[in-house]
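Chemist: Have a look; sequence and predicted model below, questions after that.
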Amino acid sequence: MSYLTWISDESLIQAVKRVLEKGRLAKRNAPKNFNRNVVDPFGSLFEMSAFGIDSFLDWKNQELNRQAQKTLQNHIGNLHQEILGGVMGWENLKVGSNAGSDLVCANRRILAEIKNKYNTLTGGKQVTLYREFDNLISPKASTYHGYTAYYVTIIPKSPVRFNKEFTPSDKEKGSRCIANTKIRMIDGASFYTLVTGEQDALKQFYHVLPQVIEKVMRSDFQEVDFKISDKQNFADIFIQAFS
């Protein structure tokens, strides 16, 4: 039996495997990359004192984990891009594509830019994205003329679904970008529903993710006893973010 009805097991497993590979590589490379980015010497002293860290070595290990975690988080948005791009009729345009977006569905005339969290793009970058969308869908000569473009924030600021016009504030002009029904912003759960036709598709994905991770860790990385413990506690985090 397949993990999910709306994406093949092969596509799902490969997407998860790629993120795990990135995370394991980041963890492995963290010690040699430690001094490549300037570490705040003042912050290190306050962290050690305020957080009750016993020794420099303990602080450094936590800092190494933090740096590796930051690298891993940068790839989580790519995970959603790959998963959604694996749904029938959708195409993952991948990094380096000249299309100017992450996903496209030609049959439904939809473009999408995927960001993992609501605060990934600052106000100025949101305006830039709006203009990129407008340049893609408005000119009659454009391949994507008449498409609807979505700015997707997988994890929204609050657990409220939305699908609305994207009108970021343009500080240079002192006003918001012009409302356009074909330039929109949408939360992750709603966009998963839009792509798959399944009302709880994002929840379905999260529900099977521990199983897929365990399978990949055991079969591809030879960690035969690997198991994600306290799955319910992780499920509670999902509920807090999306319900």
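Modeler: Yes, it's here. Numbering: from 1, shown residues only.
Chemist: all strands for this protein, in order.
Modeler: 91-92, 103-105, 110-117, 148-155, 163-165, 169-170, 175-176, 183-187 (DSSP state E).
Chemist: now for those, which one comes closest to G85?
Modeler: strand 91-92 (2.6 Å; Cβ to Cβ). Just so you know, the C-beta spots here come from the backbone N, C-alpha and C atoms, and that holds for glycine as well.
Chemist: Near T122, how many other residues are there?
Modeler: Applying other Cβ atoms under 10 Å, we find 10 residues neighbouring T122.
Chemist: Provide the backbone phi and psi angles at it.
Modeler: phi -80, psi 170 (degrees, to the nearest 10).
Chemist: contacting residues around the residue positioned nearest the centre of the chain?
Modeler: With distances taken as Cα atoms, centre = their mean, G77 lies nearest the centre of the chain, 2.2 Å away. Listed by Cβ atoms under 8 Å, 6 or more residues apart in numbering, the contact partners of G77 are I114, K115, N116, T120, I154.
Chemist: Which of the residues you listed scores worst on pLDDT?
Modeler: When the contacts of G77 are sorted by pLDDT, the bottom entry is T120 at 84.
Chemist: Could you find the closest non-adjacent residue to M88?
Modeler: Of all residues not flanking M88 in the chain, W6 sits nearest, at 7.8 Å (Cβ to Cβ, 6 or more residues apart in numbering).
Chemist: hang on, that neighbour packs against G89?
Modeler: No. The pair W6 / G89 is not scored as a contact, 10.6 Å apart, by Cβ atoms under 8 Å.
Chemist: So the two - more neighbours on which side?
Modeler: Ranked by neighbour count (other Cβ under 10 Å), W6 and G89 place W6 first, with 19 against 11.
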